[in-house]
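Engineer: quick check, what structure comes out for this input:
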Amino acid sequence: MLQAISLSLAVTASILGLVFPFVLARQATGLNQTILLIMMAGIAGAFIYGAGFRPENRVLRLFTGPRVTWTVMLASLVALVAMR
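Structural biologist: You can find the predicted model right below:
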């Protein structure tokens with residue numbers, strides 16, 4: 001169940017970030033681009049978890065888990081909305 005949620009969140013966030021970037025950030029400032037980069041790292045981790053891959057390394061397993069990836073994506077989205 002968590003895999004399906006992670007995959008759907010990753011797909012939705014990547015579509016928003018790639019197709020409609022102006023929705024997330026109206027101006028292309030250095031801070032916006034940094035936040036979008038952090039958000040894309042969360043999206044990549046959510047794709048990894050959603051696809052069912054489990055790294056053997058404990059640190060990578062932690063960073064690709066749903067707790068970290070969902071938190072990173074949500075915090076980035078909140079930061080972008082707060083900057084508007």
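Engineer: and the next helix or strand past the worst-scoring helix or strand of the chain on mean pLDDT?
Structural biologist: Ranked by mean pLDDT, DSSP states H and E, the helix or strand of the chain with the weakest confidence is helix 21-24, at a mean of 69. Note on helix 21-24: by DSSP states H and E, the next helix or strand toward the C-terminus is helix 30-51.
Engineer: just how off-centre is the very next helix or strand once past that following helix within its chain?
Structural biologist: As assigned by DSSP H and E, the chain's next helix or strand after helix 30-51 is helix 58-63. With Cα atoms, centre = their mean, to the nearest Å as the basis, helix 58-63 stands 16 Å off its chain's centre.
Engineer: pLDDT on helix 58-63, on average?
Structural biologist: For helix 58-63, mean pLDDT rounds to 95.
Engineer: and stretch 4-17, by the same measure?
Structural biologist: 92.
Engineer: contact partners of it?
Structural biologist: With Cβ atoms under 8 Å, 6 or more residues apart in numbering as the test, stretch 4-17 has contacts from 23-24, 36, 39-40, 42-44, 46-47, 49-51, 66, 69-70, 73, 77. For every residue, glycine as well, the C-beta is placed using N, CA and C.
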